[in-house]
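J.: structural data only, the sequence is not supplied:
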């Protein structure tokens, strides 16, 4: 069963939350972070992307960058911008965006659960990305990056969180510049804390990493460096029941047709797909259906029966597209390393796919049906991993609102 516990968060004093809160460190490059934090000296980007306070072009993996992050975090504490909670608490984090809300529990999860696969994974991690977060945590002695977990629906958990929201005032409630409303409640009632802890201990056998595999892996490895620190044996997580989550599509663009002209490419596709030309952008309505933008025109590709396997990985649309189009006809090998393919998060919309093709930057774009949360669970339960860039979760949690000190 899943082991979680409350913790003493570092968090902003009321009134500073909107200025402190920042987009996750891994959705911005250094230049974008520098622009985002311009004129805001208390943005948490000064901690998570501290190279913005050093000369442009600096190697972001140098000790100077991590030391600057520690200095900036300490300055926020000394200036009373952020403080540490006096007692261990849970936190409820609600995000509202585009007419829907999702509510999760912010807690710390057991590192041992990560090693024992009670916390299930569905992606490989890259050593260099792990090492960056290890050095960051090791130097600032805190976990700033929240790991986004999911669990299967649990009525008792949902009812407990909703009851606390009804009975208590939120400490933070603001709308960020991207239109996402962030609302946080502090759960400091001993009885409710015990109820939540026991729900996980008795009713929730597994949690699943939805987003944050590198952050989780890094936290697990850092825990070994602090064997005498109880705090380091846990890492910062926000757990959302499955019915709270929406996964967006993660689309693909390819630079060229591997020497084929458009007519030849379309003819080859007919081996495995029913190809239907159209005039409107294609957002696939069903699994095993794809949109394709080529030569200024949209097509619907519908995979033919028998052209894909039905195992948890083979049945995924990203697998079908990779096997029957990208590898078979366009010679795109490993999408993690092939420079001819790029990925476009569904939040950017189909217009972004058209823009990329029309600009001449790429020659063809594919829109996909989103992976379902049940597919994610099935793959993690089977011990398999998803192809890269399979899921895009939106909206995203903001850094700086709740930090886990080590």
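T.: Looks like it arrived, so ask away. Quick caveat, the model's predicted, so the values are computed rather than measured. Residues are numbered from 1 along each chain as shown.

J.: top strand in this structure by residue count?
T.: strand 100-110 (DSSP state E).

J.: which other helices and strands contact that one?
T.: Secondary-structure packing of strand 100-110 (3 or more CB pairs under 8 Å, 6 or more residues apart in numbering; DSSP states H and E): strand 4-5, strand 90-97, helix 155-167, strand 234-241. Glycine gets a C-beta too; all of them are placed from N, C-alpha and C.

J.: and these, which is most packed in?
T.: Stretch with highest mean neighbour count among the helices and strands packed on strand 100-110: strand 234-241 (a mean of 25; mean count of other CB atoms under 10 Å).

J.: between that one and helix 155-167, how many degrees?
T.: Angle, strand 234-241 to helix 155-167, by axes from the mean of the first three to the mean of the last three CA atoms, to 10 degrees: 90 degrees.

J.: what strands flank strand 234-241, and is each parallel or antiparallel?
T.: In the sheet, strand 234-241 lines up against strand 100-110 (antiparallel), strand 147-151 (parallel) (DSSP bridges).

J.: out of these, nearest to residue 27?
T.: Nearest to residue 27, of all those, is strand 147-151, at 12.5 Å by CB to CB.

J.: from the rest of the structure, what touches that closest one?
T.: With CB atoms under 8 Å, 6 or more residues apart in numbering as the contact definition, strand 147-151 has outside contacts at 2, 109, 119, 157, 204, 206-212, 215-216, 219, 235-242, 245, 373, 376-377, 393, 396-397.

J.: do stretch 332-351 as well
T.: 248-256, 281-283, 291, 293, 322, 326-327, 330, 352-353, 356, 362, 365, 367, 370, 387-389, 392, 394.

J.: how about 6 Å then?
T.: For stretch 332-351, contacts defined as CB atoms under 6 Å, 6 or more residues apart in numbering pick out 248-249, 251, 253-255, 281, 326, 352, 367, 388-389, 392, 394.

J.: again, but for stretch 42-61
T.: Counting by CB under 6 Å, 6+ apart, stretch 42-61 makes contact with 19-20, 22, 25, 30, 33-34, 37, 65, 68-69, 72-73, 81, 144, 399-400, all of which sit outside it.

J.: go with 7 Å
T.: Taking contacts as CB atoms under 7 Å, 6 or more residues apart in numbering, the residues outside stretch 42-61 that touch it are 16, 19-22, 25, 28, 30, 33-34, 36-37, 64-65, 68-69, 72-73, 76, 81, 132, 144, 399-400.

J.: again with stretch 164-178
T.: With contacts defined as CB under 7 Å, 6+ apart, stretch 164-178 is touched by 14, 17-18, 21, 92, 181-187, 192, 398, 401.

J.: now, of the residues you listed, which are buried?
T.: Buried members of the contacts of stretch 164-178, counted by 16 or more other CB atoms under 10 Å: 17-18, 21, 92, 182-187, 192, 398, 401.

J.: for stretch 335-355, measure first residue to last.
T.: The straight-line separation of the ends of stretch 335-355 (CA to CA, to the nearest Å) is 22 Å.

J.: before we move on, which element is residue 298 in?
T.: strand 297-303 (DSSP states H and E).

J.: partner strands of that strand, with direction?
T.: Checking strand 297-303 against DSSP bridges gives partners strand 273-278 (antiparallel), strand 289-294 (antiparallel).

J.: tell me which of the ones you listed is the most buried.
T.: Of all these, as judged by average neighbours under mean count of other CB under 10 Å, the leader is strand 289-294 with a mean of 22.

J.: show residues contacting it.
T.: 262, 281-284, 298-302, 317, 321, 353-354, 357, 364-369.

J.: swap in 6 Å and give it another go.
T.: 262, 282, 284, 299, 301-302, 353-354, 357, 364-367.

J.: what's across from residue 143 in the sheet?
T.: Residues in beta-bridge contact with residue 143 (DSSP bridges): residue 404.

J.: just checking: what are the partner strands of the helix or strand of the chain with the lowest mean pLDDT?
T.: Every helix and strand of the chain was ranked by mean pLDDT, DSSP states H and E. The lowest is strand 392-393, at a mean of 82. Counting by DSSP bridges, the strands paired with strand 392-393 are strand 247-248 (antiparallel).

J.: for the record, mean pLDDT for the strand it pairs with?
T.: Strand 247-248 shows a mean pLDDT of 84.

J.: now restrict the contacts of strand 289-294 to buried residues only.
T.: Using 16+ other CB under 10 Å, the buried ones in the contacts of strand 289-294 are 282, 284, 299, 301, 353, 357, 364-367.

J.: mind putting the residues you listed into CSV with distance to residue 339 and pLDDT?
T.: Listed next are the buried ones among the contacts of strand 289-294 as CSV, based on distance: CB to CB, whole Å; pLDDT from 0 to 100:
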residue, distance to residue 339, pLDDT
282, 26, 94
284, 26, 94
299, 25, 97
301, 24, 97
353, 19, 96
357, 18, 96
364, 16, 97
365, 17, 97
366, 17, 97
367, 22, 96
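
J.: farthest pair in those?
T.: The most widely separated members of the buried ones among the contacts of strand 289-294, counting by CB to CB, are 284 and 357 (17.4 Å).

J.: ok, so what distance separates residue 161 from residue 104?
T.: Residue 161 sits at a distance of 8 Å from residue 104 (criterion: CB to CB, to the nearest Å).

J.: over to residue 43?
T.: Going from residue 43 to residue 104 by CB to CB gives 23 Å.

J.: since that was my last question, I'll sign off now.
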